Each structure stands twice: as structure tokens, then as C-alpha cells.
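*Asks:* sequence first, then the predicted structure, then my questions.
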Amino acid sequence: MTTRVDLFHAFILLLGGSVGLVTALAALVVGRKLLRDRREVVSARRKEGYRAALASGDRRLLRHALGTVRRSTSEVDLATVLASERPGSDHSVLNIEARRAHLVRRLERRLSSRRAPARGRAVLILSHLRIPGHIGSLGRMLDDDDPDVRLATCAGLPLVHDQEAVDALILALSHRHLAPERVIERLGQPWAVDALLEELRILDKIGERRSGPRVGVARALGMTGDPRAEPALIGLLRGGDIEERISAARALGEVGGPHTREELEHALRDESWQLRAQAAKALGQVAALRSVPALEAVLDDPAWWVRANAGTALRALGAPGRAALDRALAHEDAFARDRAREALAMDQLAYKAA
Amino acid sequence: MELLHQIFEFGFIAYFVALNAAYTLLLGLGGGQVGDWVRRRPMRDFRGVSSSPLSLPITIIVPAYNEGPVIVHSVRALLASRYRELHVMVVNDGSSDGTLEALKEAFDLAEVVRVPRANLPSAPVRGIYASPHDDRLLVIDKENGGKADALNCGIRFAAYPLFCAIDSDTMLDPDALARLVWAFQAEPKTVATGGIIRILNGSRMEGGRLHRVRTPRSLIVNIQIVEYLRAFLAGRAGWSRLNMLLIVSGAFGLFRRDIVVEAGGYDTTTVGEDAELIVRLHHHCLERSRPYKITFVADPICWTEAPADRATLGRQRDRWQRGLLETLWRHRSMLFRPRYGRVGMIGLPFFLVFEAVGPLVEVAGITYTVVGLIGGWVSPLVGVLVFALAFTYGLVLSFGALLIEGRAFARYPGWRDLRRLMLAAVVENFGYRQWLALVRAKAWYTVLHPARGWGEMIRTGHHHDAPVTPVPAAVLLAGATATAPLTSDAGTEPEPVAA
């Protein structure tokens, strides 16, 4: 009898304990949701406040709003609002008030924080504030220990549109801390063209032997799409090492210019199949109608990629290109016929669908 | 006899405590990892990654076997992904339901010649097709050889340095690829990374996109949602923090192509080709003392449909367990060998002791307790205590995962969803977990009789135009390993650097 009573008590105890546990865990989950919902409301309100202060141009309101940016949540909200701003909007008043509200000082202190997310948030806000003359402290963050901070800095520096920012990024091209592509994609902007061309001149002047920096600059110049880069890129295509020449050919395809076609046609006869393939692709990109014979001639190139790119380029050149492909259908070389057939088939299908 | 009982009881209790201590530790580590991701999220420019022409380009490989009803929709959705440089490569694995014809019709495919760039073995290729409307799409038609074989075939023809292996019935969040690529760009040592898989059942789709995330009414699916959250946010995030991640889901993973080729591609003779590949990558890199990282990223989301009936779910879990057992067997040489670092000393032993043997111990424990209660050598008090403890730990882990989810992502925003998930977290302890342990224990038997297909996945059709029909997802286990004849001048060409 006693055992039964003990068992009953133990059962009730365990049942009660389990119900209690479920309730406690459920309360935790529900509490977490309530907290999150509330935080979302507060964050939305805060962002609205920042937007209103920025739009009003009222200095006191702006200073008050910036003065409240002290915690990580408000920093994230301010960074979000600043990131959604129209590019090129005037930040002079914002900069003055950010200093008066001691926000800039606080953020600069944050740049030395031990926590990477705090450093990253400071980088984000400082770069969005676009304060001239502050590049030095931001530029140093390109060498930060944390990859996220380095990438955030790399993304943030170009927002400042400052010669110093371009210099810091160009310098980062030679660093091992960042993949060159991450820097190049940020440098490939029209405002950086002059600095990039100057950098090429400096590299020649100092006799830089490594191909990395020139390759990076050439690719960035290509991304700008600015024809002013043509002479420098042609120089690189003629005289650089193979990596530099391939990069120059690629960039010329994006930049174009009066002499691009001849140089690329010349590159089609190079001994490097990679350069020939890149040149064929670039000729298609610059839509050089006069290069149809040169492209037709490489349809039987020994390298598959050269033939493939030549076929695609001819297809992109419209009627003259298609005529060349038609002729290549009777080519003595099976590979050339193969490429021409494929390019024409794709073209006809596209035409039919249109 | 008494001593034997005591040994049994002590053994079960010790195992139980060790198992749950390990899971609790993983929960903590997973929570930390996800928290870190959330704190770092604001400084990561994912939009920049998706739009940059210099972001690492990706080939999405979609192995397809009899996916006729969904394939066109899936391909369209993948082509609409927010990522600038990508190829979508559908590998039709000898479908007999008109999968290829559906693709041909929808995309006006024309036969083309492409050069394979690796000599991985795969069943013979019958034809390669491209679309004149979108040069990012490539369709490879090959003889049936299994999912792993189809993936290997895709890798052979993939032109980009990264490839994403994805199931044809899954759907990606718009920024999912950029988020995964971030891991490779921030940490060049990364060789593979996986995102979280979430369950689509119950959610609303509009215009081919996920419009509203909702939990379904089905209890069995809600239980799976909780399971997935536990597995990904606690398990994989925790393992990733320790750099001991042993699984990247086959439904959504991003890999460095050159390393996978070097390691020999997917194993065509196992049902768990996804886990096997990850363990092999560890094996490969550790043997060569190559610095590497295999990570889990908690935010890029891939949505997939979960089995809504017990039979399909049972088959799926049986397959997963068999995959695990086969992987452990194949890489048994890594177990307890200091040469393989923490993977060999901690990761694999954990999977062996708790994931592989765990279901057997659980079933034995349940059987012992029930028989003991009937036989009278186990007191009812102990029986109730054991169950209450198991229940308690189960609850702590499930609610812990719900807490992480709620704090970091809150993808199930409604109160109704939360109520359903909490209910599922409680109810799964009464019958479901025990049934699952039985299914997984049974896999020890079925692993010795491998001549079975994937079974049928009953799809309710999450796409608007997808008819509600059973789609056989069977890709035969024993894959043909014949090397495909190299077309044209294939295999003679070095890797292009600038094309």
C-alpha cells in the first residue's frame, strides 16, 4: 500500500514537473517573441525618426537624433537609414551635427573595439557619413584581423569618393588580406579612372615586376567602361606579361575605343590560347563589324575556347557575322563547321521565338 | 542476474546522460554561432555580392529524374535568382516521364557541344542542350545512373569555380546564393558550405516566389519543422563552429569545384552521397595537410517539401540512416586517429556512437524498460523517471531550437505558427520519437540489403502549376560507373582562364 502511495506521489511529482517545464519553456519562447516584436516596433520607429531628422534639415533635431546612437541596435538602424539614402546627397550638415553630437568620436573609438561586429558597424556608419579627411582611420581597417570588417571597409571606402579612398583601395590591391576581386569591384567606378591611370603610370615608373597590381588596375579600368583608359590598356596588351595581357584584352572589350579592334585582332594571332580566346570574346563585346574576317579565321583554331568565343562573337555581330557563320558551314575543318552550326542554330531559334 | 540488470541500467543512464550533454553543448554552440551571424549580418553587403560581376560565379547543378511536372518551374525560379554570374545546369538522369521534352519545349533547347572539364566517371551522355533565350541554361541528357552520378556529370561540365548542388523540387530565397558565396569570399579556405533547409508545406506561393511563410496543419510536418530547426540551428551550426561539420545537405550546398574533382566527386554507390562527400573532403584535405573550412551558414534558406505521410517519411529516414552508416563504414580509417584531428577524434566518433548506434540503444532501452515493467524487474517509478527525463531533454532541445529561431530569424512570424510548433515539440515525444528510433534502428538491417530505390516521394505540389500527383523520385541506388565518352576534343583542353 505504501509503495503504491509513493508511486502515486512520484508520478504526480513528475507530471507536475513536466507540466511546469513545458510551461516554463513555452513562456520563454513566447517571451522571446514578444520581445522581438517589441524590438521591431521600436526599431521601425527609430528609423522613422532618423529619416525625418535627415529630411528636415533641422540641425537641432538631427543632433538630437544622432546623439541617441549609442547602442548596437541604434547603430544598425542608423546604418540602414544612411545606406538607403540617395547616393550623392549632401552630407555637410549631417557631418557637422555628427561631430557636435560626438557620434564621430564615439565611432572612431569603436574602430578599436575588441568585438568585430562593433568595429564593422562603426566602419559602416563612418563611410556612409562620408566625412572628408577621415580616410586614414577607415583605411587602416582594410588590414583588420576580421574578414567581415575588411570587406565592410572595402565596400565603405568608395562611398567617400575621395582621392585618399582610391589610394587606400589601390594599396589594398597589393595586400594579401583581401582578394583582389573585392577591391577591383569597388574601384571600377567612373570617379576612380584618373587615379587608376595614374597608378599604372606609377607602377611603370617604379618598375613594378609583379603582375598582380597591373592586372587589378586593368580589370578595374575595364569595369569603369571609360574609353580614356584605352591607350593605357593597349600599352598593357602589347607589353605586359601574359596575365596582364589577358586582363587588358578583357578590359578593352568593356572599354572600347578607336584602336581597340586592331589591337584585339592582333591578339587573335598570339601564341597563348587564353589570350586568343579573350580577344575573340572582346571583339564580340565591342561589336566591331570589321573584325568579322578575323573572327571567321579563328573558327578553326586548335583551342576549343577560341572557336567557341569566335562563334559567339560572330553571332553577336548581326548579319555580317551570320553570313560568316553560313560560309563556315562548308569549312573544311570539322571543328569550325561544328561551331558555326551551333551558333546558327541558337540564332535561328532565338529569331523564331522572337 | 541482478548484476546484469544493474550493468544494463547503468549503461543506459550513462549513455543517455552523455548523449544529452553532447546535444546540450551543441545547442549552446549553435546558439552562439547563429547569434554571431546575426550580429555580423548588418556589415555584410549581400546585395553587392549578388550584383558584382567579380563575385565568384556559380554553376547550379540540378539532377533530375522524372521531374516533368516541376522541372520547368524550378528552372525558371533558379534563373530568376538574384545572382549575376550563374549557370543553371539540369542533368536529366534518363527520365522516362518527358522531363527532357518539357525542358526542350519550354526553353527551345538546341543541341550543342560542350567540353567536359574533369574526368569524373559518369554514365554516358546522350546529348547537351542550350537555350537561345538564356545562355545561362544548359541541359545535359544522360543515361540513368543515380543522383550522385548525375551530380558528377554536372561537375564534369561545370565551367565555374563554384557549384551548387540542389534538388529540383527546392526553392531558394532570393539572396541565398549571395549569402553562401560570402563564406567563400570572406574565407578563401572554404571548400564547402551549406545553408538551412526549411519546410515549405503550408506556406503560400505567389508568382513562383514564397509569399507567406506558414506552418501547415499536419502534425507530422510540424514535427519535422521542429526537427529541422533542431538539426540545423543547434546541430549543424554547432558543428560548424567547431569546424567539424560532417553534413552539407544534398538539397542545398555550395562547393569548390576543383577540390571536389580532386577528391573524386560524389560516390555513386551510397545513398548518403551528400554526407559521404563532406567526410571525404575532410579526409582528403586532412591527409594532405591542406588548410580548409567546411561551414554552415544559418541564413541562406532553401525551401523544400517534407513528406506528409508516415510511409514516405519512414523511407526517407531509413535512407538517411543508411547513408550515415555507409559513410561511417567507408571512412572508418579516420576514426580515433589523431592524424585526422578533431574530425577523427571527436566528430566521427560522435556520429558513430550517438547517431549510428543511438537508435539501437534507444530501442533496446525502450524494450528493456517495457519488458522489465511487465516482468517486474524494473520498478514503475524508474520507468516513469526514464520517460520523464527523455521527455525533459527532448523538450529542452526542441524549445532551445525554437528560441534560437525566434531570436535570429523569426521566419514563422504568426502566433498560430508558434503555437503549432510548440505543440509539435511536445507531442513528438509521445510515439513519434520512438517510432523514428525504430525506423533508424531498422536501417542497420536494410543497409545490408541495398538493392532498393529511393522510394516514392508523394508531392503535394508547392508550385501553382504543379499537379498533385505522386512523382517517383526513384533514382537507382547502384549507379552505373561507366565513363562517358568524351565528345569532340574534350579532355585535351586545359582549363580556360579568361573565357
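*Replies:* Arrived safely, thanks for sending.

*Asks:* part of a helix, is B:F296?
*Replies:* No: per DSSP: H, G, I helix; E, B strand; the rest coil, B:F296 lies outside any helix segment and is strand.

*Asks:* excluding its backbone neighbours, what's nearest it?
*Replies:* Nearest non-adjacent residue to B:F296, counting by C-beta to C-beta, 6 or more residues apart in numbering or on different chains: B:S240, 3.8 Å away. For every residue, glycine as well, the C-beta is placed using N, CA and C.

*Asks:* just the helices in the stretch 101-250 of chain A please.
*Replies:* A:103-110, A:116-129, A:135-139, A:147-156, A:163-173, A:180-187, A:193-205, A:212-224, A:230-239, A:242-255 (DSSP state H, counting those that start in this stretch).

*Asks:* how far away is B:L25 from B:V361?
*Replies:* Look at B:L25 and B:V361: by C-beta to C-beta, to the nearest Å, they are 19 Å apart.

*Asks:* let me see the mean pLDDT of the helix or strand containing B:D141.
*Replies:* Secondary structure from DSSP states H and E places B:D141 in strand B:137-142. In this model, strand B:137-142 has a mean pLDDT of 96.

*Asks:* and what of stretch A:66-78?
*Replies:* The average pLDDT within stretch A:66-78 is 91.

*Asks:* and the contacts of that stretch?
*Replies:* The contact list for stretch A:66-78 (C-beta atoms under 8 Å, 6 or more residues apart in numbering or on different chains) reads A:39, A:42-43, A:46-47, A:50, A:53, A:97-98, A:101-103, A:106, A:117-118, A:121-122, A:125, B:39, B:42.

*Asks:* which of the residues you listed are buried? Put it as a ChimeraX command.
*Replies:* Selecting only the buried entries of the contacts of stretch A:66-78 in ChimeraX, with 16 or more other C-beta atoms under 10 Å in any protein chain shown as the criterion:
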select /A:46,47,50,53,97,98,101,103,106,117,118,121,122,125 /B:39,42
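
*Asks:* re the thing from before, elements contacting the strand holding B:D141?
*Replies:* strand B:86-93, helix B:99-107, strand B:125-130, helix B:147-157 (3 or more C-beta pairs under 8 Å, 6 or more residues apart in numbering or on different chains; DSSP states H and E).

*Asks:* that strand pairs with which strands?
*Replies:* strand B:86-93 (parallel), strand B:125-130 (antiparallel) (DSSP bridges).

*Asks:* where do the strands sit along the stretch 351-499 of chain B?
*Replies:* All strands of the stretch 351-499 of chain B, identified by DSSP state E, counting those that start in this stretch, fall at B:456-458, B:470-472.

*Asks:* which of the ones you listed has the lowest average pLDDT?
*Replies:* Note on those: strand B:470-472 shows the lowest mean pLDDT, a mean of 29.

*Asks:* who are the contact partners of residue 137?
*Replies:* Going with chain A. Contact partners of A:S137, counting by C-beta under 8 Å, 6+ apart, are A:108, A:111, A:126.

*Asks:* correction: the question concerned chain B.
*Replies:* B:75, B:79, B:87-90, B:107, B:130-131.

*Asks:* from what I see, B:A192 and B:V248 are in contact.
*Replies:* Yes: the criterion here is C-beta atoms under 8 Å, and B:A192 meets it with B:V248 at 5.4 Å.

*Asks:* overlap of the contact sets of the two?
*Replies:* With C-beta under 8 Å, 6+ apart, B:A192 and B:V248 have common neighbours B:255, B:277-278, B:294.

*Asks:* gap between the strand holding B:D141 and the chain center?
*Replies:* Strand B:137-142 sits 23 Å away from the centroid of its parent chain (C-alpha atoms, centre = their mean, to the nearest Å).
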